[in-house]
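>>> Dropping a prediction and its sequence here:
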Amino acid sequence: MQWILGIALAAALFVVLKQWGRLSAEKKKAATWKVVLMVGGAMLLFMVLTGRVHVLTAAVAALIPLLRKLPEIARFVPALNRFFSGGDGNTAGPGAGHQRHDQAPGNGMSEREACDILGLTVACSREDVIMAHRRLMQKMHPDRGGSDYLAAKINEAKSVLLRNRV
């Protein structure tokens with residue numbers, strides 16, 4: 001039985017080393033990290049199952065590799081985004097002191113941005129706005145798997161465009 005296991009391990013090692021030789025230097029680095037993380041995860045799992053490490057400690061240790069992805073995740077959480085972009089906590093955002101020329105006073109969205117969101121041109125009619133809004137809301141409504149943020153932006157774009165159309 002041990003002979004069979006030894007032959008299987010030798011064959012697996014041969015295949016892995018053959019594939020390793022074909023990789024570029026950049027892919028070798030990525031593969032090395034994956035192997036290190038997989039071996040570390042397997043060791044952590046073994047230690048939890050044998051009672052050498054508490055489950056919560058293992059969970060924290062398993063989350064450590066995800067820390068390098070935190071700035072990418074921060075894009076989806078505005079408070080974290082301000083933290084990683086070096087913001088001072090001012091919620092007014094960049095450029096709050098001046099108004100763009102195509103933006104209505106007291107409104108956060110310009111007509112051009114509203115047209116971009118709804119996929120329309122500036123010369124669109126009221127019916128075009130309503131149809132584009134309906135089409136997008138059927139796809140992006142929170143009840144159908146869309147997000148509240150996108151639905152709010154689509155609704156805001158509709159109101160900005162309908163404000164000036166008869």
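Ah, there it is. Numbering: from 1, shown residues only.
>>> buried residues in stretch 136-156?
Going by neighbour count (16 or more other Cβ atoms under 10 Å), the buried part of stretch 136-156 is Leu136, Met137, Met140, Gly146, Leu150, Ala151, Lys153, Ile154, Glu156. Where C-beta positions appear, they are placed from N, C-alpha and C, glycine not excepted.
>>> how close does the closest residue to Leu23 other than its chain neighbours get to Leu9?
When the adjacent residues along the chain are set aside, Leu23 lies closest to Ala31, with 6.3 Å between them (Cβ to Cβ, 6 or more residues apart in numbering). To Leu9, Ala31 is 19 Å away according to Cβ to Cβ, to the nearest Å.
>>> who's more crowded, the two?
Ala31 (14 against 10; other Cβ atoms under 10 Å).
>>> any idea of the mean pLDDT for the helix ranked longest in the chain?
Taking DSSP state H as the criterion, the chain has its longest helix at helix 25-49. For helix 25-49, the mean pLDDT works out to 85.
>>> which residues does Trp33 contact?
For Trp33, no residue meets the contact criterion (Cβ atoms under 8 Å, 6 or more residues apart in numbering).
>>> any idea how far it is from Val60?
20 Å.
>>> what do you get for Pro71?
Taking Cβ to Cβ, one finds Pro71 at 20 Å from Val60.
>>> Comparing these two, which shows the higher neighbour count?
Pro71 (13 against 10).
>>> What is the helix or strand encompassing that one packed up against?
Using DSSP states H and E, Pro71 sits within helix 70-73. With contacts taken as 3 or more Cβ pairs under 8 Å, 6 or more residues apart in numbering; DSSP states H and E, helix 70-73 sits against helix 78-84.
>>> Recalculate using a threshold of 7 Å.
Where contact means 3 or more Cβ pairs under 7 Å, 6 or more residues apart in numbering; DSSP states H and E, helix 70-73 is not packed against any helix or strand.
>>> Thank you, goodbye.
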